[in-house]
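Undergrad: pasting a predicted model and its sequence here:
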Amino acid sequence: MGEIYNFLSTTGLAQMGWHYFFMILVGLSFIYLGISKEYEPLLLVPIGFGIVLGNLPGTFGVYTENSVMNLIYFGVKSGIYPPLIFLGIGAMTDFSTLIANPKLILLGAAAQLGIFATFMGSLLLSFNVMEAGAIGIIGGADGPTSIFLSSKLAPHLVGPIAIAAYSYMALVPVIQPPIIKILTTKRERKIRMKTPRLVSKKEKILFPVIGAIVTILIAPGASALLGMLFFGNLLKESGVTERLAKSARTSLIDIVTILLGLAVGASTQADIFLQLSSIKIFILGAFSFCIATSSGLIFAKTMNLFLKEKINPMIGAAGVSAVPDSARVVHIVGQKYDKNNFLLMHAMAPNVAGVIGSAIAAGVLLGILG
């Protein structure tokens, strides 16, 4: 009997507490939402499984020095994974609509108000200024940028910040439509926009080069993100590096997404993750996403006061960095009111501008606080 008791005492069941059980249920819910509801499955399934793994007692998790998961997590805490994600995003992004209609970049900038509103809210909830800077970037709805900045300013908050950012990114189809309907009229939702002009190959090649130089000079702290984003886009548009562009937007980004999702999920170990600060971060995340969406919509409506050729204000909601989900949501909502109104390509302009804007905001915060 003594041997049996000794064996049982070494199992995870003997160490299982309610807090681990709760986090395992959270992980299973992420997996369910990813598979059943198809909410960002490429993110939620790895993160959900990582949460389950990270909360099985007795395992060698991300906080056990030199364990396998600890070595995988190194890519998160050192900030390696986010720039590689940005490389893949750049290689799959078409900036044509933004180049054709550059004023729409203002919508991507307006949506970043959520970052600075969340920064102020974090200070009011007793986070220190470094933590507030890391939490604020959730307002950009950009998971890799959130991980990158939090790994620099507040490494102990990477887990809850990343989970909050990716959770709200996955819930874009749930959160944004009600805000759009509240802040726009039925007539505004039916506004049709002209097909953008054709963009030349030369413009497509020059854009990532000029874009990298200008944005990195403004926010050198985000050079790793912005440089990789525009480099990936140059690989795509140059016409002579298609093999490299294909690798960046397929194999590379898939591998990094698996490792990033699994590591972030596993970092939510219950005895570290389940704290009051985590609850505050999730509340601030919801607040920031609503502010970012609303500010983009309101700014679009304001622009229409001065434009002869009106824009559909719904595309302002796509100013957050959740690419391409926010643009897709705008398109779907628009088609409910006019089946022949195709807003996807127009919404992609503020959507990709939001990616650039959130990275610049991260660079500014890192330059000031880092």
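TA: Looks like it came in fine.

Undergrad: give me the most central residue, the chain.
TA: When Cα atoms, centre = their mean is applied to the chain, the residue found nearest the centroid is residue 142 (2.0 Å).

Undergrad: who touches the closest residue to that one other than its chain neighbours in this structure?
TA: Among residues not flanking residue 142 along the chain, residue 321 sits closest, at 3.6 Å (Cβ to Cβ, 6 or more residues apart in numbering). Quick note: C-beta positions are derived from backbone N, CA and C, even for glycine. Residue 321 sits next to 140-142, 145, 351, 354-355, 357-358 when contact means Cβ atoms under 8 Å, 6 or more residues apart in numbering.

Undergrad: repeat that for residue 146.
TA: 134, 137-138, 140, 161-162, 164-165.

Undergrad: pLDDT of whichever helix or strand it is part of, averaged?
TA: Secondary structure from DSSP states H and E places residue 146 in helix 143-153. Throughout helix 143-153, pLDDT has a mean value of 91.

Undergrad: just to revisit the earlier point, these two touch, right, the residue nearest to the centre of the chain and residue 357?
TA: No: counting by Cβ atoms under 8 Å, residue 357 is not a contact partner of residue 142; they are 9.3 Å apart.

Undergrad: distance of the closest residue to residue 274 other than its chain neighbours from residue 273?
TA: Nearest residue to residue 274, sequence neighbours excluded (Cβ to Cβ, 6+ apart): residue 19, at 5.3 Å. For residue 19, the distance to residue 273 equals 9 Å [Cβ to Cβ, to the nearest Å].

Undergrad: could you do residue 154 as well?
TA: For residue 154, the distance to residue 273 equals 14 Å [Cβ to Cβ].

Undergrad: number of residues surrounding the residue lying closest to residue 271 once chain neighbours are set aside?
TA: Setting aside the residues directly before and after it, residue 271 is nearest to residue 19 in space (Cβ to Cβ, 6+ apart), at 6.7 Å. Neighbour count of residue 19, defined by other Cβ atoms under 10 Å: 14.

Undergrad: quick one: the strands in the stretch 151-300 of the chain?
TA: For the stretch 151-300 of the chain, applying DSSP state E, counting those that start in this stretch gives no strands.

Undergrad: where in it is pLDDT low?
TA: Applying pLDDT under 70 to the stretch 151-300 of the chain picks out no residues at all.

Undergrad: check the stretch 1-150 of the chain too.
TA: Scanning the stretch 1-150 of the chain for pLDDT under 70 picks out 1-16.

Undergrad: what sits up against the host helix or strand of residue 114?
TA: Assigned by DSSP H and E, residue 114 belongs to helix 113-124. Surrounding helix 113-124, the residues in contact under the criterion Cβ under 8 Å, 6+ apart are 129, 131-133, 135-141, 280, 284-285, 287-293, 295, 320, 358, 361, 365.

Undergrad: and if you look at stretch 223-242?
TA: If you take Cβ under 8 Å, 6+ apart as the criterion, stretch 223-242 is touched by 79, 82-84, 86-93, 95, 144-145, 148, 201, 204-205, 207-209, 211-212, 215-216, 219, 244-245, 248-249, 355-356, 359-360, 362-363.

Undergrad: give me the buried positions along it.
TA: Neighbour-count burial for stretch 223-242 flags 223-237 (criterion: 16 or more other Cβ atoms under 10 Å).

Undergrad: from the residues you listed, pick the one nearest residue 26.
TA: When these are ranked by distance to residue 26 (Cβ to Cβ), residue 225 comes first, at 28.5 Å.

Undergrad: re the thing from before, for ChimeraX, what selects the buried ones among the contacts of helix 113-124?
TA: Buried residues among those (16+ other Cβ under 10 Å), as a ChimeraX selection:
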select :131,132,133,135,136,137,138,139,140,141,280,284,285,287,288,289,290,291,292,293,295,320,358,361,365
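
Undergrad: now do the same contact list for the nearest residue to residue 93 once chain neighbours are set aside.
TA: Distance criterion Cβ to Cβ, 6+ apart; nearest residue to residue 93, sequence neighbours excluded, is residue 352 at 5.5 Å. Taking Cβ under 8 Å, 6+ apart, we find residue 352 in contact with 93, 95, 98, 108, 323.

Undergrad: of the residues you listed - the most surrounded one?
TA: Greatest neighbour count in the contacts of residue 352, by other Cβ under 10 Å, goes to residue 108: 28 neighbours.

Undergrad: so who does that one touch?
TA: Counted by Cβ under 8 Å, 6+ apart, residue 108 has contacts 296, 319, 349-357.
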